[in-house]
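Colleague: here are the coordinates; sequence isn't available:
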């Protein structure tokens, strides 16, 4: 396992854990034409942990996150959800890719919260939240509405259920987006820069919700530049640069000055400015 003090090679070794594996990223590479965005990523996400992915812009963080639920299909490698590939059907001769419809079933188990909210702006809050459970999960509408209202209460938005998404602040929209993802009851939840599109005064309300979810034991993978959140909530910090995982360490070790490598120090100094 590479610690923050030893960043000489791009090793992707895992932190040992006794918790069950939820998601495994196996030698995943992603190329866009001649550009190699991911250069062979190995990463395991364990049940109930919060993994925070940090690194400079263009390092491949968001692309890695999007491969985890096949919003971006890897060029090579595999993604395994609870022991089952979500890219290929088992075959003794040649691996056969799943159809888009089959992949969508796996994707329902891996929630995603985007930096730009991705809500239906001309639909009411409640309609945004219940669409997935009703259309994808087949949950009865009355039950979906009841569960959505409970989730809105957790988000501090009980009084917003009948408002249109476009009428809400950015922070409120992001909390609705989190509620929408949770309504699908995913096995894990991915966050792609969830506060980057928010005004500074709205960032705290979203991070507070995410902290509460972590305390509840939700499995989370978070791409963020919010180092305070990473330090306080992250169980493991993944540092990426130029398409590689350069460092993987428990949060306290990653942020320890005694163990901090020059490359990490440079990155954190830039973030802190």
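Modeller: In hand now; what should we look at? Owing to the predicted nature of the structure, the values given are computational and were not obtained by experimental measurement. Residues are numbered from 1 along each chain as shown.

Colleague: all contacts plus neighbour counts: C-alpha atoms, from now on.
Modeller: Fine.

Colleague: got the contact list for residue 78?
Modeller: The contact partners of residue 78, taken as C-alpha atoms under 8 Å, 6 or more residues apart in numbering, are 25-28, 85-88.

Colleague: does the closest residue to residue 109 other than its chain neighbours sit in a helix, a strand or a coil?
Modeller: Spatial nearest neighbour of residue 109, chain neighbours left out: residue 186 (4.4 Å); criterion: C-alpha to C-alpha, 6 or more residues apart in numbering. What DSSP: H, G, I helix; E, B strand; the rest coil gives for residue 186 is coil.

Colleague: surely residue 186 meets residue 113?
Modeller: No: between residue 186 and residue 113 there is no contact under C-alpha atoms under 8 Å: 11.9 Å.

Colleague: Quick one: the helices in the chain, in order.
Modeller: Under the criterion DSSP state H, the chain contains helices at 61-68, 100-107, 125-132, 141-154, 170-183, 200-215, 227-233, 251-254, 262-272.

Colleague: pLDDT score for residue 34?
Modeller: pLDDT recorded at residue 34 is 95.

Colleague: now residue 213
Modeller: pLDDT for residue 213: 97.

Colleague: ditto for the one 4 residues further on
Modeller: You'll see residue 217 listed with a pLDDT of 96.

Colleague: Please spell out which residues along the least confident helix or strand in the chain by mean pLDDT are buried.
Modeller: Ranked by mean pLDDT, DSSP states H and E, the weakest helix or strand in the chain is helix 262-272, scoring a mean of 80. Neighbour-count burial for helix 262-272, counted by 16 or more other C-alpha atoms under 10 Å, picks out 264, 268.

Colleague: returning to that earlier point: looking at residue 186 and residue 113, which one has more neighbours?
Modeller: When residue 186 and residue 113 are compared for neighbours, residue 113 comes out ahead with 23 against 18, by other C-alpha atoms under 10 Å.

Colleague: All good on my end, thank you.
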